[in-house]
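Asker: 3D, please:
(chains A and B)
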Protein chains: 2
Amino acid sequence: MKQYLKQHEWHIIEEGLNPHYNKISESVFSLGNGRMGQRATFEEDFSGETHQGSYVAGVYYPDKTRVGWWKNGYPEYFAKVLNAPSWIEIKIKIGDTVLDLAKCKIESFNRVLDMKQGLLQRSFTATLADGKKVSVDSKRFCSMADGEVGAIRYEIVPINFSAPITITLPVDADVVNKDSNYDEKFWEEVYKEAEPGIALVTAQTKKTNFHVCTAMQYKVQAEGKDIPQQVSVTLREKYADNVVVADLKQNSGLVIYKYAVVLSSENHPKDKLAAHAKTKLKAAVAAGFDKLFAEHAKVWAHKWEECDITIEGDVAAQQGIRFNIFQLTQTYTGEDERLNIGPKGFTGEKYGGSTYWDTEAYCLPFFLSTAEPKVARNLLVYRYKHLGKAIENGKKLGFKDGAAFYPFVTMNGEECHNEWEITFEEIHRTSAMAYAIRDYIDYTGDKNYLTEYGLEVLIGIARFWNQRVNWSGDKGKFVILGVTGPNEYENNVNNNWYTNYLGAWTLRFAMSAITYVKASNPARYAEIVKKVNFQENAETDRWKHIVENMYYPFDANRNVILQQDGFLDKELIPVKDLKPEDRPLNQKWSWDRILRSCFIKQADVLQGIYLFEDDFDEETIRRNFDFYEPMTVHESSLSPCVHVILASKIGYKEQAYEFYLRTARLDLDDYNNDTEEGCHITSMAGTWMSVVKGFGGMRVRDGKLHFTPFIPDQWKSYSFRLEFRDRVIKVKVGSGGKVETMLESGEPLEINVNNKVFTLTK
Amino acid sequence: MKQYLKQHEWHIIEEGLNPHYNKISESVFSLGNGRMGQRATFEEDFSGETHQGSYVAGVYYPDKTRVGWWKNGYPEYFAKVLNAPSWIEIKIKIGDTVLDLAKCKIESFNRVLDMKQGLLQRSFTATLADGKKVSVDSKRFCSMADGEVGAIRYEIVPINFSAPITITLPVDADVVNKDSNYDEKFWEEVYKEAEPGIALVTAQTKKTNFHVCTAMQYKVQAEGKDIPQQVSVTLREKYADNVVVADLKQNSGLVIYKYAVVLSSENHPKDKLAAHAKTKLKAAVAAGFDKLFAEHAKVWAHKWEECDITIEGDVAAQQGIRFNIFQLTQTYTGEDERLNIGPKGFTGEKYGGSTYWDTEAYCLPFFLSTAEPKVARNLLVYRYKHLGKAIENGKKLGFKDGAAFYPFVTMNGEECHNEWEITFEEIHRTSAMAYAIRDYIDYTGDKNYLTEYGLEVLIGIARFWNQRVNWSGDKGKFVILGVTGPNEYENNVNNNWYTNYLGAWTLRFAMSAITYVKASNPARYAEIVKKVNFQENAETDRWKHIVENMYYPFDANRNVILQQDGFLDKELIPVKDLKPEDRPLNQKWSWDRILRSCFIKQADVLQGIYLFEDDFDEETIRRNFDFYEPMTVHESSLSPCVHVILASKIGYKEQAYEFYLRTARLDLDDYNNDTEEGCHITSMAGTWMSVVKGFGGMRVRDGKLHFTPFIPDQWKSYSFRLEFRDRVIKVKVGSGGKVETMLESGEPLEINVNNKVFTLTK
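Answerer: Numbering: from 1, shown residues only, chains lettered A, B, ... in the order given. Below you'll find the model as predicted:
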């Protein structure tokens, strides 16, 4: 845990450069706009610790799988988030000395991420080795108004000298992935061009053949006017630049504007990329930094209107929740149904892939409540479009007849991951897609989604479960053997309760969807039946049989659900009895020791109770919480938020607040000592849920919003907004738990607060 | 399965070159002498399919671990069997044409491995692309009389021409391992030398710094006399040769003798290697091929006297058992206690490491019965010497207080393997060391081994089990969670019966060893107590408690032992109901599907019953055999032999014979389609056990040999010899099961045949 960043309601602030935390800062201060993004590396050279990373949404590389020992069924490749061509560099040489903060005496340094406006600012005063002192002020953003445009304003003032300055303005596609399995470079050059004023490189990815054109134009000005300058250009493999030489006059600022356009062949014809980029650049330059920024900031203002959460009386908590919302929002805008939410967003390479079950289980509720319904719908359609691949993935593992087994990690619908206990066995993820459909329909009321897309997916997933269960003669029940639940600190277990419960629920939900579509749109139903060769009676008879005879492990003595068969053979020890030097277990214990211990990475029984809360009375929830929570080490970033929600539900207010702190400032305080590799983007949605579903107690039941709010003692008030069925509702909870609800737009709406019904009007 | 090799009692014969099977032949025709060995690659160039491999016992390389996803506790390296400098090449150029059988018209080709004499012979007549026809006859051996010496006699006769011949005679240390994790070369040059008549290279391994000097001298003769020749030498990195040019006269044979000496720094001072090699080479050349071969053949004659098994009436079976015995004998001679029996011996790289539990569980009985006791004793001492590393290995995984966890794969006592389900969880292997001690003492009567070495090892292993069990409050018993049994088609299971049984037995055996040593040598006992800080009462009280309260899974309905908890939740399907296209499962099914199926790689319940046969009555053995055998796919080469032994025991004669065929000709017929990677050396000992313990029914009980022989209907007779307590006994079983036993040397001995006691005298 590190607390070197200053707390502020809207800003993330680093005062004074922390070179050893620089990679953490590069993650935390990352920028993105849903289409592209980059880590907060410096514009000028930096020879200190740094991890350069630029990313273009949807552009990936299928890196050949690396394993110790091959298991039949492993995928051939792991899709890597690609470090993409970079445009943010503005390299400065003063006289003969390179400006490099690792080699300067730094007199002041300030890095600020203005979350309200999506602006990364940096200002510093530094003395070079040769005694020249400069002040720099830089501003950078990736436009939320046009996801293909980015801009930098970089002002440099010579404090104690006049000298020539050499400014190198590159676009550079000669970049590497740190996590390349075989030290391979993934980009090849297609085209490059440089002439005074402009430089561009079009590069393509090996194997996947994505083309990306990265283009830049610049202005070097003083007092708003172009200044005399000599320009030369460099072209080398995968690289183009302009090198500008001008005179720097003591105490007279020089401003460099660098405008960039990044176009992907996902959105433009390959043969038009360079031409389009130049046209677009021209327009950006014509508009100028200030206008581009104003358009960008306007979008952010609108986004914050939709999704801000305020917390009064607790700046750390306020900054934390805004940081989570800011990162989520700049990672995924929901405009492109081909995209999804990578675990590191645009903040790092780690984990590769773009899509985990995190999206459905953690991110969907955030986007449902804070954006128009099409954003969440796009996330669902993304998986609908991968249905064919999910069926192929199932086939590869021996399933048949259209059984859909969604991948654990994917870019394009194909499985990438290569640990058998996860890839093959963490099967609950395939039903995350089913649950997301339910969640979407519950929230939006858009039952037509079933007819259009949902039913096909549900039939596929139901078929998977139908084949994945087997009859245990011994138990006289259906069982599910050899699985890994969300608690990944158990592998290859039998009858993980969460998995069994979710599997059976999926079969029931699929049957209810069949009933609905059949009744509401018989023609479409007939079409689906034909398309997927659905043998309705034969298939659903067996599904019913499974649902009625599913086995659920249970401890009658303690009257608690059992995580899996055999759980009670373990020594049941509370986490508080662990020695500090044993934590975190995943860094201190060998894997087998973790596996046979009772300690839980994220408690999947509680996850199941959270998902199906209405199936359990409060006493049951409390009993299970009391049993599992003490054994949970929360070594998954996805764990604490569920505990906030359940603890809130059962009135464990202090605990709820403690769990909230674990999730809200995970990256800001580098809680798990891994933020330098990127931020935990998907779990950030869990922080949002912690406030809204946890403290706010928001639920949707029978199409109506319910709230049972409480306020942590540490706060004066908190408020959040929800988009719900064409309304915008604001909920504010004050001291003593006083609740104010307000309809900000839309028709009157009946809501339920603390079990009382109100009708909200404007 | 491929049956291109001819059957013969003493020879392995390839008639006509089978280029597509050449890598299989290279494995099968491998030569070794316990100190070094090599695959049967050709002396001359061969541009067809080939996998070059020479090996020097004990010389390995710790190749940096390669994994997909790191698990805490994994070893840093995997010790690779090293492809060592090669001396067998004799490259021939006639005029300007290289002799390369892949580019010739082959008129005849014969490759013969004479197992009786340990001689690899090859003769062929081939026409080169330019029409020149030659006959070649080569003979090669690695001396069993002096493990550092090898020799080749290579005769070439020009059939239809006279021409100059260029003969290149290299020693080449510029070799690679096919299985190098990061495409690295493992050897570096230390010294090289070449002058007319001699060439040598000393190379050292990176990291481990083994030095190996490989030296060669040659003669080129006709009619027993040196012929006129021009000699030049080549020296390049890691390579030295002599190049001889002579005249080849039509129909007049020219004979090349190549003598080699291979010295390792394991056996000689590094700074003396080259000098020693030259001295030794000189002696070898002086002795000449025929004398060296005679000495070598004499050792083989003696070896065969010790360990031959004859089978009359079934050439395939006779060839099979001799091939198994031949390979075992040339892999391990038992003279060097630092060495062990690698799974591929000197026949390939695969699996790396040198030592698996195979040695104790499968090979030890062979060496106990066919060699003087010190050979088996050396195998035990090898593990004694690794006790410190086994304790370290345990510590790394969280064990303490001297708990010995022997590695699954090792070269020097350190763990190499990196699959968590094996490395961390296949824990039964640590007790294979304990069982081997029992086996050794039972067979030899050498109880003093306990005092000298055994007790320390047993206390270490007992301490491991003491910590590895845990009390199950639920069961009111001790349980062992999260293990992989010998049946590796189940991973991370709870209460694998074999493991639980072996663990508890180890505790009992350790306690009996304590009692023995304490009574027989109190001073030594006191010394051990002090050395290992043994708290006798406190420790053994707890061991007793564990032994008395160990949990063993059992099915009361079927009255059979259960492989593990939850086994009865599976669908129990016999192997015969599997479709042929699903076999072998490990190539056709994904790993999870194998894991949750009932199918068994090698039946560990039966393995346990085999090890502790006297604990079970025949009816119990039959019931468990009838339950598990039908679900066993025998996809481990170690599986069928145990089934031969148990099937023989319970009178399932036809089945016993079928299982025997699976094991005896595994490599000769390339049963598992993997012999090209090397032969299955350790399972060959299982073939020997199949005959002696299976058909012969040999057991040792209370220090006495017991036999309950039967003969498969397909055989006329079979016989085997045993070394037993200073006697050599020959057992011959004829048709109708008629048994002849003969004392070939030693004092009279009481034996038990078919439950009748006889006294054998000469």
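Asker: you'd agree residue A:248 is up against residue A:95?
Answerer: No: using C-beta atoms under 8 Å, residue A:248 makes no contact with residue A:95, being 9.3 Å away. From N, CA and C alone the C-beta is placed, and that goes for glycine too.
Asker: Which one of the two is surrounded by more residues?
Answerer: Neighbours were tallied for residue A:248 and for residue A:95 using other C-beta atoms under 10 Å in any protein chain shown; the higher tally belongs to residue A:248 (23 against 13).
Asker: what's the more buried one in contact with, if anything?
Answerer: Shown in contact with residue A:248 (C-beta atoms under 8 Å, 6 or more residues apart in numbering or on different chains): A:94, A:156, A:158, A:161-165, A:254.
Asker: With residue A:354 instead?
Answerer: A:58, A:60, A:79, A:81, A:339-342, A:410-411.
Asker: Skipping adjacent residues, who's closest to it in space?
Answerer: The shortest distance from residue A:354 to any non-neighbouring residue, by C-beta to C-beta, 6 or more residues apart in numbering or on different chains, is to residue A:342 (4.3 Å).
Asker: same question, residue A:52
Answerer: residue A:41 (5.2 Å).
Asker: Over to residue A:481?
Answerer: Residue A:481 sits nearest to residue B:596 (C-beta to C-beta, 6+ apart), 4.2 Å away.
Asker: Wait, the one you found touches residue A:479, no?
Answerer: No: look at residue B:596 against residue A:479 with C-beta under 8 Å: they stay out of range, at 9.6 Å.
Asker: OK, contacts around whichever residue of the stretch 251-400 of chain A sits closest to chain B?
Answerer: The minimum distance from the stretch 251-400 of chain A to chain B, using C-beta to the nearest C-beta, falls at residue A:397 (4.4 Å). Taking C-beta under 8 Å, 6+ apart, we find residue A:397 in contact with A:73, A:405, A:424, B:590, B:592-593.
Asker: for the residue of the stretch 601-750 of chain A found nearest chain B, what are its contacts?
Answerer: In the stretch 601-750 of chain A, the residue that lies nearest chain B is residue A:635 (11.9 Å; C-beta to the nearest C-beta). Each residue near residue A:635 by C-beta under 8 Å, 6+ apart is listed here: A:489, A:584-586, A:601-602, A:672.
Asker: What about chain B: which of these touch it?
Answerer: Under the cut-off given by C-beta under 8 Å from any C-beta of the partner chain, chain B has residue A:586 from these close to it.
Asker: Which ones among the contacts of residue A:635 map onto helices?
Answerer: A:585-586 (DSSP state H).
Asker: Any of the contacts of residue A:635 buried? List them.
Answerer: By neighbour count, with 16 or more other C-beta atoms under 10 Å in any protein chain shown, the contacts of residue A:635 hold A:489, A:585-586, A:601-602, A:672 as buried.
Asker: hmm, back to that, and the residue nearest to residue A:354, how close does it get to residue A:400?
Answerer: According to C-beta to C-beta, to the nearest Å, residue A:342 and residue A:400 sit 32 Å apart.
Asker: quick revisit: what sits in contact with each of residue B:596 and residue A:479?
Answerer: residue A:470.
Asker: what's the following helix or strand after the longest helix along chain A?
Answerer: With secondary structure taken from DSSP H, chain A has its longest helix at helix A:273-307. Going down the chain from helix A:273-307, the next helix or strand is strand A:309-312, by DSSP states H and E.
Asker: what's that next one packed up against?
Answerer: helix A:315-331, strand A:717-724 (3 or more C-beta pairs under 8 Å, 6 or more residues apart in numbering or on different chains; DSSP states H and E).
Asker: which of these is buried the deepest?
Answerer: Most buried of the helices and strands packed on strand A:309-312 by mean neighbour count (mean count of other C-beta atoms under 10 Å in any protein chain shown) is helix A:315-331; its value is a mean of 24.
Asker: That helix versus helix A:273-307: what angle between them?
Answerer: 140 degrees (axes from the mean of the first three to the mean of the last three C-alpha atoms, to 10 degrees).
Asker: what's the first-to-last distance across stretch A:594-608?
Answerer: 22 Å (C-alpha to C-alpha, to the nearest Å).
Asker: For residue A:342 and residue A:400, indicate the residue with more neighbours.
Answerer: residue A:342 (30 against 10).
Asker: distance of that one from residue A:351?
Answerer: Taking C-beta to C-beta, one finds residue A:342 at 8 Å from residue A:351.
Asker: What of residue A:383?
Answerer: Noted for residue A:383: a distance of 19 Å to residue A:351, by C-beta to C-beta.
Asker: for residue A:588, same thing?
Answerer: Taken as C-beta to C-beta, the span from residue A:588 to residue A:351 is 22 Å.
Asker: So for these two, which residue has more residues nearby?
Answerer: With neighbours defined as other C-beta under 10 Å, residue A:588 and residue A:351 compare such that residue A:351 has more, 21 against 15.
Asker: could you say which helix or strand contains the closest residue to that one other than its chain neighbours?
Answerer: With C-beta to C-beta, 6+ apart as the criterion, residue A:351 has its nearest non-adjacent residue at 4.6 Å, and that residue is residue A:343. Per DSSP H and E: residue A:343 is located in neither a helix nor a strand.
Asker: Provide a list of residues in contact with residue A:375.
Answerer: A:332-335, A:367.
Asker: tell me which element it falls in.
Answerer: Assigned by DSSP H and E, residue A:375 falls in helix A:373-385.
Asker: right, and the helix or strand after that helix?
Answerer: Toward the C-terminus from helix A:373-385 - assigned by DSSP H and E - lies helix A:387-396.
Asker: just checking, the residue nearest to residue A:52 touches residue A:88?
Answerer: Yes: assessed by C-beta under 8 Å, residue A:41 is found in contact with residue A:88 at 6.8 Å.
Asker: ok, those two, which is more surrounded?
Answerer: Neighbours were counted for residue A:41 and for residue A:88 using other C-beta under 10 Å; residue A:88 has more, 25 against 21.
Asker: and the gap between the more buried one and residue A:45?
Answerer: Residue A:88 is 12 Å from residue A:45, by C-beta to C-beta.
Asker: Which pLDDT value does the model give the closest residue to residue A:708 other than its chain neighbours?
Answerer: Excluding the flanking residues, the one nearest residue A:708 by C-beta to C-beta, 6+ apart is residue A:697, at 3.4 Å. On pLDDT, residue A:697 comes in at 97.
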